[in-house]
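Undergrad: sequence and computational prediction follow.
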Amino acid sequence: MIQIVLNKFPAKKGLETLIRKYKKLLLLFCILLNLDVGAQIVRPALREIVSQPPSGQHFELYLLIGQSNMAGRGIVEPVDTLPDQHVLCLNKQMEWELAKDPLHFDKPAAGVGPGFTFGKDMASIDTSNIIGLIPSAVGGTPLAAWRSGAHYKPTKTFPYDDAIKRAREAMKQGVLKGVIWNQGESDSNFQNSAVYGIRLKKLIENLRLDLGIPDLAFVAGQLPDYQIYKKDKAGNDSVNHAAGLINKAIADLQIKNYTFIDAKDVKDIGDHTHLDAPSARLMGHRYAKAMQRVLLIKQN
C-alpha cells in the first residue's frame, strides 16, 4: 500500500533513496497506527457461532467470575485462538461459540485468562462431554460488587446479577457443574481484607441459592506473591499484609464442596498486577485439577 501511494508522486533527487532506506520503518509506523492502544498481539480472526449447541447431562457448564485476572490480561498468542471442538463459550450476545481467547469482554484489554485452559483440561477427562464456559468476570471489582443489586460504576454493570442471568441462560442447555473465582486485588486493603472470608462465604451461599444448586462446586484462586511483596514509591521492599490476609481467608474458608488453588510461581505482565499469558494458563491447569477433586468428592 505504501509503495502505491509513494509512486504516485515524482520523487526529487535524493528523496527516492531516503524512501528506500526508511521504507520498513514507514511500514511499521503505519501498521502501528492501525492498532488500538492496549490491543493484544493476536485476536481470533473469526468467532464461530454454534447454531445447534448440545443439551442435556453431557453439556457441562462452568461459571467464570472475579476480576481482571479471571477475565484475563495476558497477551493472546496463536495457541490461544485454536478452538477445541469440545469447549464452547457463551459470548456477550448470549450465543454459544467455539471458545477462543479472549473469552471475556469486560474491557477492551481482555486477553488470556485461566478459563480456556481450564475448559480444555476439563474436556479431556471425558470426550463424550462438551464443556460450556460462562465468562462473567469484571475487571476491578471488589468482592462487595458481587452481590445482588450491586452496581459497578466503572463498567456500568451489575456483576453478580449479570453472572446469574448468564448462568441461567446457559442452564437452559446444559448442567452447571461449578464455579471458578479469581479476585482479591481490589480488596487488598485493611478494611476489606478483614472481612474477606465472611463475604466470600456469603457469595458462595448466594450463588447456590439463586441458581438452585445447593452443592455447587466452587474453586477460588489465591493472590500471587507479587501482590504481597512489593516495592514502595521509594523503591524499598514492602509487604502488603492485606493481600496475605486474603490468601489466608481463602485457604481457611470452611464450606461444603469448596477448595482453592495457590498462585505460586506466576509472573505478571510488568504492571505488578496482571498475570502474563503463561501464568494464566498455569492457573487454568490448577483450577481444572482442583475442580476435578471437588466433583469427585461430590460423587462419593
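TA: Cool, got the structure.

Undergrad: make it CA atoms for all contacts and neighbour counts henceforth
TA: Noted.

Undergrad: name the helix or strand for Leu176, please.
TA: Assessed by DSSP states H and E, Leu176 sits inside strand 175-182.

Undergrad: how far is that strand from where the chain is centred?
TA: In terms of Cα atoms, centre = their mean, to the nearest Å, the centre of strand 175-182 is set 13 Å apart from its chain centre.

Undergrad: can you give me the helices for this protein?
TA: The residue ranges that make up the helices of the chain, judged by DSSP state H, are 2-7, 15-33, 68-71, 115-125, 159-170, 190-193, 196-211, 225-228, 241-252, 277-299.

Undergrad: okay if I get the ones you listed as TSV plus distance to Leu98, mean neighbour count and mean pLDDT?
TA: Output for those, formatted as TSV (distance: least, Cα to Cα, whole Å; neighbours: other Cα atoms under 10 Å; pLDDT from 0 to 100):
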stretch	distance to Leu98	mean neighbour count	mean pLDDT
helix 2-7	37	10	33
helix 15-33	29	12	41
helix 68-71	17	30	98
helix 115-125	11	23	98
helix 159-170	14	20	98
helix 190-193	38	16	96
helix 196-211	25	17	98
helix 225-228	33	19	95
helix 241-252	32	20	98
helix 277-299	18	20	96
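
Undergrad: these: which one's closest to Leu46?
TA: helix 115-125 (16.5 Å; Cα to Cα).

Undergrad: mind exporting that closest one as PDB, just the C-alpha atoms?
TA: Taking C-alpha atoms only, helix 115-125 is exported to PDB below (Å, rounded to 0.1, in the frame of the first residue of the first chain):
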ATOM      1  CA  GLY A 115     -10.700 -20.000  31.600                       C
ATOM      2  CA  PHE A 116      -9.800 -21.500  28.200                       C
ATOM      3  CA  THR A 117      -7.100 -23.800  29.600                       C
ATOM      4  CA  PHE A 118      -9.400 -24.800  32.400                       C
ATOM      5  CA  GLY A 119     -12.100 -25.700  29.800                       C
ATOM      6  CA  LYS A 120      -9.700 -27.800  27.700                       C
ATOM      7  CA  ASP A 121      -8.400 -29.700  30.700                       C
ATOM      8  CA  MET A 122     -12.000 -30.400  31.900                       C
ATOM      9  CA  ALA A 123     -12.900 -31.600  28.400                       C
ATOM     10  CA  SER A 124     -10.000 -34.000  28.200                       C
ATOM     11  CA  ILE A 125     -11.400 -36.000  31.100                       C
END
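
Undergrad: same for that helix, what does it pack against?
TA: Applying 3 or more Cα pairs under 8 Å, 6 or more residues apart in numbering; DSSP states H and E, one finds that helix 115-125 contacts strand 87-90, strand 130-135, helix 277-299.

Undergrad: and the angle from that helix to strand 130-135?
TA: Orientation of helix 115-125 against strand 130-135 (axes from the mean of the first three to the mean of the last three Cα atoms, to 10 degrees) gives an angle of 160 degrees.

Undergrad: now do helix 115-125 and strand 175-182, the angle between them.
TA: Inter-element angle recorded for helix 115-125 and strand 175-182: 140 degrees (by the same axes, to 10 degrees).

Undergrad: stretch 124-132: which residues count as buried?
TA: In terms of neighbour count (16 or more other Cα atoms under 10 Å), stretch 124-132 has its buried residues at 129-132.

Undergrad: which of the residues you listed sit farthest apart?
TA: Asn129 and Gly132 (9.7 Å).

Undergrad: spatially central residue for this protein, please.
TA: Residue closest to the mean C-alpha point of the chain, counted by Cα atoms, centre = their mean, is Ala71 at 2.4 Å.

Undergrad: distance check, it against Leu253.
TA: According to Cα to Cα, to the nearest Å, Ala71 and Leu253 sit 23 Å apart.

Undergrad: kindly report the same for Thr259.
TA: Counting by Cα to Cα, the separation of Thr259 from Leu253 is 8 Å.

Undergrad: all set now, cheers.
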